[in-house]
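> just a sequence and a predicted model for now, questions to come.
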Protein chains: 2
Amino acid sequence: MIVDIATRAYNHTFKLDPIVRSLLDTDFYKLLMQQMIYVLHPKLPVTFQLINRAKDLPLARIIDRRELEEQLDFVRQLSFQKNEIIWLAGNTFYGNRQIFRPEFISWLADFRLPDYELRVVDDQFELRFHGPWAEATAWEIPALAILSELKARAVMKAMSRFEIDVLYARAKAKLWAKIERLRVLEQEGPLRVGDFGTRRRHSYLWQRWCIEAMVEGIGRSFTGTSNVKHAMDLGLEALGTNAHELPMVYAALTDNDEDLRQAPYDVLRDWASFYSDNLRIILPDSFGTTYFLDHAPGEFGDWTGLRPDSKEPVEAVEEYIAWLKARGRDPMTKTAILSDGMDIDTIETAVRHFRGRIGNLPIGWGTNLTNDFRGCMPHFDDRLMHPTSLVCKVIEAAGRPAVKLSDNPTKATGPREEIERYLRVFGTKGMTTQAVLV
Amino acid sequence: MIVDIATRAYNHTFKLDPIVRSLLDTDFYKLLMQQMIYVLHPKLPVTFQLINRAKDLPLARIIDRRELEEQLDFVRQLSFQKNEIIWLAGNTFYGNRQIFRPEFISWLADFRLPDYELRVVDDQFELRFHGPWAEATAWEIPALAILSELKARAVMKAMSRFEIDVLYARAKAKLWAKIERLRVLEQEGPLRVGDFGTRRRHSYLWQRWCIEAMVEGIGRSFTGTSNVKHAMDLGLEALGTNAHELPMVYAALTDNDEDLRQAPYDVLRDWASFYSDNLRIILPDSFGTTYFLDHAPGEFGDWTGLRPDSKEPVEAVEEYIAWLKARGRDPMTKTAILSDGMDIDTIETAVRHFRGRIGNLPIGWGTNLTNDFRGCMPHFDDRLMHPTSLVCKVIEAAGRPAVKLSDNPTKATGPREEIERYLRVFGTKGMTTQAVLV
């Protein structure tokens, strides 16, 4: 069956057309983290908060509050389907069978999302999720995807059926032109690109089209998708490892500066008790990549790779290679995953720069894969169709504030005084201010 | 209802999917000419022949002969539907009601296409239509459209559903980029562009999409379509006047050189006994535009306009303007219709060149509107998707050979010795050899 995306988009006006229809419509790393959290921190209360970094975009005036509530309510009544649970238990992930423990699988089978709190402040939605960490964490991706798609739908409501048709035709042509450049890149040497674009996608169906385009265009170089539902439906690899919420919560729980300094390493040691091989990927930038690497115990040289997430990619991987060499490790046996705002230009630059210098340089292509409609509007200004800089972060754990610094201070989150304390503890070596584009 | 063109194209493999489903799916000028022929030359036997000018494209190896026969047979059993006849009789064309006489309308109601003769010679189809002129003439457009679409379908049979989707997305994006340039042009001053792309269209549905795109993009500057079926269905103006077959047949019937020289004028005098105002458009190039204008009796200065069809457009219209001025006519009260292989570049050039210098410069945008898939194939060489230089011409009338010279000797048709006689009679003044692109 061929879905005519333009038709579906046009029909959105007629009834509730759920955006997230399955709890598997989330990123794979959420499930990996959820298992570790469920086993090690079952009762820890946390709060996640969804915010719009672009304060000049009054989302609550663009998106109808009632529609948002309907979508969130729809997801709350979802539970995993039987076939989804069986697939999670029986499928091979990253080359390993039964990556999920039976007790976690049985818990998942009954899992539902906790309640949400929605307020409107200064034309922005303030969306919070309280609950046990293992439950509240699951809101991140569906909440982001819902807001992202509701915004796209709001823009398209003002468009005719024909305008929507042209919009999608142009977006398809635009993505295919990028894929043709990837095809050139793959002829030059090894290339590995996967879809990481769930959270800020234009829409569910559009993400699926983008994935199918990648399969069609660079089949042998396409590594899979972070989206578990698409991975299951399309028989692709589910991709992802871990995220900032782990060190952020571990850090929030510490009682002194010395424990705080150790938190990023403690959390990875817990991770290693669950996952091996290609799932041992360091996310180093929660409190500054340079601090993390400078102070990392020797065992972290054994980890498979690194995923820089807020530093200029070439610079970050150069730093990693130098760090590996200083520790007597061969970069050609290691992996660096690039997933921070990548697009075709930065993919080309990084892949060409590091050929023969690092073993594996997989790209996690996110928002610029699944939500690039710039220049695609048939008539008018397309600013509203640009992806919105939405983030959903843990802000509190066991009543204590959670902080993230990153390598780019404009991305720091948390109360000002806590950010300052963290900056004092971890230092600012290697940090650079950069504009956040997506 | 939204037609997903990619889906339909993919499904072509499954059953007979008729290309021409209505006798109205033809160019409007065919009906205008048919009426004149029916009244003045009811019994004249003629032969039309469809040929592929591109001898290096072995159409009979690309298109299945049986499929071609099925499509031709399907059209042969068609007759006008009742609502179509009522519309022809009741609609206003070029501002006039009842342009078609009641006796012609009744004859049309029972009209069916005559038989065809199909042979394969050197991997080319040789397709001939014999019969009374008023009947055989009606084969031209459906036969051309069928071959053009069958070729496109043959290419798409080797493509996956996804490749077809990308193909159409790119073609839509490409056309819309052209329309954006027309929108700029229309902001600068008057613009009139119509669809003349039935005969070499990619497909029926694609032509409809192109027309809808023009309505959407340049609604107030879009003059309508030469396709009668689309005009009726979409409530647009039906466009067209007369074609080369009229002077070609009139010329073939003459018995001496002096009568031959008069044939192009005789035929237009007959035309003027049927049609007035905006339908009095001179097609001057059958035996050379320069000869036609140099020898035209004074009354032709009263005609509304000129449609050059084989001369470089700016040159042809300059020649027309000079001719008008030499006869004391104001070019600002006249029309020049450009319809020979126009595309966005030549449209821009001509429209900008003649602003303020001629009253009306409508563009008949043909093959480059309805069949431009160059650069749109997702993977491989798209040479096969280029429009084919197919023409369907009258070759014989009452047993005598029919000849066309045009302003471009590479377009001349007819037996060599007859072409030479015509060249002797009409001269070669103002003729230039040009490559024929579409």
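Here it is on my side, so go on.

> how close does the nearest residue to A:Y422 once chain neighbours are set aside sit to A:T413?
Nearest residue to A:Y422, sequence neighbours excluded (C-beta to C-beta, 6 or more residues apart in numbering or on different chains): A:V403, at 5.0 Å. Placement of C-beta: from N, CA and C, glycine included. From A:V403 across to A:T413, the span is 7 Å (C-beta to C-beta, to the nearest Å).

> with neighbour numbers in mind, choose between those two.
A:V403 (25 against 21; other C-beta atoms under 10 Å in any protein chain shown).

> so who does A:A60 touch?
A:120, A:123-125 (C-beta atoms under 8 Å, 6 or more residues apart in numbering or on different chains).

> among those, which pair sits farthest apart?
Within the contacts of A:A60, A:D123 and A:F125 form the most distant pair, 8.9 Å apart (C-beta to C-beta).

> spit out the residues that contact these two alike.
A:59-60.

> and those two? Which one has more around it.
A:F125 (20 against 13).

> what's in contact with the helix or strand hosting A:V351?
Using DSSP states H and E, A:V351 sits in helix A:344-354. Helix A:344-354 has contacts (C-beta under 8 Å, 6+ apart) with A:178, A:181-182, A:185, A:188-189, A:191, A:193, A:313-314, A:317, A:336, A:338, A:342, A:361, A:363, A:365, A:368.

> export it to PDB, keeping only CA atoms.
Provided in PDB are the C-alpha atoms of helix A:344-354 (Å, rounded to 0.1, in the frame of the first residue of the first chain):
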ATOM      1  CA  ILE A 344      25.200  16.800   4.000                       C
ATOM      2  CA  ASP A 345      28.000  19.400   4.000                       C
ATOM      3  CA  THR A 346      29.300  18.500   7.500                       C
ATOM      4  CA  ILE A 347      28.900  14.800   6.700                       C
ATOM      5  CA  GLU A 348      31.000  15.200   3.600                       C
ATOM      6  CA  THR A 349      33.600  17.200   5.400                       C
ATOM      7  CA  ALA A 350      33.900  14.900   8.400                       C
ATOM      8  CA  VAL A 351      33.900  11.600   6.400                       C
ATOM      9  CA  ARG A 352      36.500  12.900   3.900                       C
ATOM     10  CA  HIS A 353      38.600  14.400   6.700                       C
ATOM     11  CA  PHE A 354      38.800  11.200   8.800                       C
END
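
> name the residues that touch the following helix or strand past it?
Once the chain leaves helix A:344-354, the next helix or strand it forms, by DSSP H and E, is strand A:363-365. Residues outside strand A:363-365 that contact it (C-beta under 8 Å, 6+ apart): A:192-197, A:226, A:239, A:307, A:337-339, A:342-343, A:347, A:350-351.

> can you show me the helices along the stretch 101-250 of chain A?
A:102-110, A:133-136, A:140-157, A:161-188, A:204-218, A:228-234, A:245-252 (DSSP state H, counting those that start in this stretch).

> for the residue of the stretch 301-438 of chain A found nearest chain B, what are its contacts?
Residue of the stretch 301-438 of chain A nearest chain B, by C-beta to the nearest C-beta: A:P378 (6.3 Å). When contacts are counted by C-beta under 8 Å, 6+ apart, A:P378 touches A:159, A:162-163, A:166-167, A:170, B:176, B:216-217.

> repeat that for 6 Å
Residues in contact with A:P378 (C-beta atoms under 6 Å, 6 or more residues apart in numbering or on different chains) are A:163, A:166.

> now it: which helix or strand?
Applying DSSP H and E, one finds A:P378 in no helix or strand.

> quick one on the thing from earlier: mind listing which of the contacts of strand A:363-365 are in strands?
Among the contacts of strand A:363-365, the ones falling in strands (DSSP state E) are A:193-195.

> and which of those is nearest to chain B?
A:D195 (15.7 Å).

> any stretches of the stretch 1-150 of chain A with poor pLDDT?
Within the stretch 1-150 of chain A, the ranges that satisfy pLDDT under 70 run A:1-3, A:10-15.

> find the closest residue to chain B in it.
Ranked by C-beta to the nearest C-beta, the top residue of the stretch 1-150 of chain A for proximity to chain B is A:D4, at 4.1 Å.

> just checking, that residue touches B:I5?
No - between A:D4 and B:I5 there is no contact under C-beta atoms under 6 Å: 9.4 Å.

> and those two? which has more neighbours close in?
A side-by-side neighbour count of A:D4 and B:I5, using other C-beta under 10 Å, places B:I5 first with 22 against 19.

> got a list of what the more buried one touches?
B:168, B:205.

> go again using 10 Å as the cut-off
When contacts are counted by C-beta atoms under 10 Å, 6 or more residues apart in numbering or on different chains, B:I5 touches A:4, A:165, B:164-165, B:167-168, B:171-172, B:202-203, B:205-206, B:208-209.

> same deal with A:F426?
Here A:F426 is in contact with A:251, A:257, A:260-261, A:264, A:286-288, A:290-292, A:295, A:405 (criterion: C-beta under 10 Å, 6+ apart).

> please apply the same query to A:I86.
A:80, A:105, A:109.

> cool, and A:E315?
Taking C-beta under 10 Å, 6+ apart, one finds A:289, A:308, A:407, A:430, A:432 in contact with A:E315.

> just the buried ones among these, please.
A:289, A:308, A:407, A:430 (16 or more other C-beta atoms under 10 Å in any protein chain shown).

> from these, which land in helices?
Judged by DSSP state H, helices contain the following of the buried ones among the contacts of A:E315: A:T289.

> which one of the buried ones among the contacts of A:E315 is nearest to A:R383?
Distances from A:R383 to those, taken as C-beta to C-beta, are shortest for A:D407 (28.1 Å).

> does the closest one touch A:L293 like I think?
No - at 11.3 Å, A:D407 and A:L293 do not qualify as touching, with contact defined as C-beta atoms under 10 Å.

> hey, what's in contact with both of the two?
Joint contacts of A:D407 and A:L293 (C-beta under 10 Å, 6+ apart) are A:284, A:319, A:430.

> mind putting those in CSV, pLDDT and distance to A:E149 included?
Listed next are the shared contacts of A:D407 and A:L293 as CSV, based on pLDDT from 0 to 100; distance: C-beta to C-beta, whole Å:
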residue, pLDDT, distance to A:E149
A:P284, 97, 32
A:E319, 98, 36
A:G430, 92, 36
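
> need these in TSV (columns: distance to chain B).
As requested, the shared contacts of A:D407 and A:L293 are arranged in TSV below (distance: C-beta to the nearest C-beta, whole Å):
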residue	distance to chain B
A:P284	38
A:E319	39
A:G430	42
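
> closest to A:P142 among the residues you listed?
A:P284 (27.5 Å).

> give me the three-state assignment for that closest one.
coil (DSSP: H, G, I helix; E, B strand; the rest coil).

> how about the residues of chain A that lie near chain B?
A:1-8, A:10-11, A:160-177, A:179-180, A:183, A:209, A:212-213, A:215-217, A:376, A:378-379 (C-beta under 10 Å from any C-beta of the partner chain).

> for ChimeraX, what selects the buried ones among these?
Buried members of the residues of chain A next to chain B, defined by 16+ other C-beta under 10 Å, are picked up in ChimeraX with:
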select /A:4,5,6,8,10,162,163,164,165,166,167,168,169,170,171,172,173,174,175,176,179,209,213,215,216,217,376,378
